[in-house]
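J.: Output the structure for:
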Amino acid sequence: MNTRKTRQFGFTLIELMIVVAIIGVLAAVAILQYQNYVIKSQVARAIAEAGDIKVVVENCIDNGQLAIGTGSGNCVLSTTGSSILFGRTQNNNISLPAGTGVPQVFLAVPPISSTITATFGNSASGAINGAQIIWTRDQYGVWLCSSNGIKNPGYLPSGITNGC
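T.: Below you'll find the model as predicted:
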């Protein structure tokens, strides 16, 4: 009598289905975490892009240049377009490429506050589209950052709920 044993090689169908299910669950979690990461990076980017203009605004206020433009005695804002911001150019002779925007600046003589407002739009995440990052200068020259319309505080920098 021949009792020859045959060895089975490979995986069973149920083993393969379990592996595919586990990979699917991990991928679903990873996609959500990646989307949160993208939104957080866009918020940090807008804070930085709007914050960079503070130096120019300070210089303009110190020199009494409260009108924005390219004419003599005007405050010239040298901002470049950002793909995650919505906002028209403030210098009349500078055009922005399609799908870009710049932070909007309001200059005022202290004690009235000057502001820099970056509004999310264009290719920003839908979760923050229309929200704003606002830098406000008080009469003493201190800049404070706040957000408007960002519903999830987890999108803001660590440890901050409404500021930057």
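J.: hey, where'd the helices end up in this protein?
T.: 13-51, 54-62 (DSSP state H).
J.: Out of those, which is the most enclosed?
T.: helix 54-62 (a mean of 15; mean count of other Cβ atoms under 10 Å). For the C-beta atoms, the positions are set from N, CA and C on the backbone; glycine is no exception.
J.: where in this protein is pLDDT low?
T.: 1-3, 91-94, 159-164 (pLDDT under 70).
J.: ok so, going back, looking at the helices of the chain, which is closest to P153?
T.: helix 13-51 (10.8 Å; Cβ to Cβ).
J.: closest one to I128 among the helices of the chain?
T.: helix 13-51 (6.0 Å).
J.: Output the contacting helices and strands for that closest one.
T.: strand 114-120, strand 132-137, strand 143-148 (3 or more Cβ pairs under 8 Å, 6 or more residues apart in numbering; DSSP states H and E).
J.: okay, these, which one's buried deepest?
T.: Counting by mean count of other Cβ under 10 Å, the most buried of the helices and strands packed on helix 13-51 turns out to be strand 114-120, with a mean of 24.
J.: dump the residue contacts of I150.
T.: V43, I128, A131, L156 (Cβ atoms under 8 Å, 6 or more residues apart in numbering).
J.: Now do the contacts for N152.
T.: Going by Cβ under 8 Å, 6+ apart, N152 touches I39, A127.
J.: Mind putting the helices and strands packed on helix 13-51 into CSV with distance to I47?
T.: Listed next are the helices and strands packed on helix 13-51 as CSV, based on distance: least, Cβ to Cβ, whole Å:
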stretch, distance to I47
strand 114-120, 8
strand 132-137, 5
strand 143-148, 7
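J.: Any idea which of these gets closest to G51?
T.: Per Cβ to Cβ, nearest to G51 of the helices and strands packed on helix 13-51: strand 132-137, 6.2 Å.
J.: Please enumerate residues in contact with the closest one?
T.: 43, 46-47, 50-51, 53-54, 57-58, 61, 113-120, 143-149, 164.
J.: Off-centre distance for it?
T.: In terms of Cα atoms, centre = their mean, to the nearest Å, the centre of strand 132-137 is found 13 Å from the chain centre.
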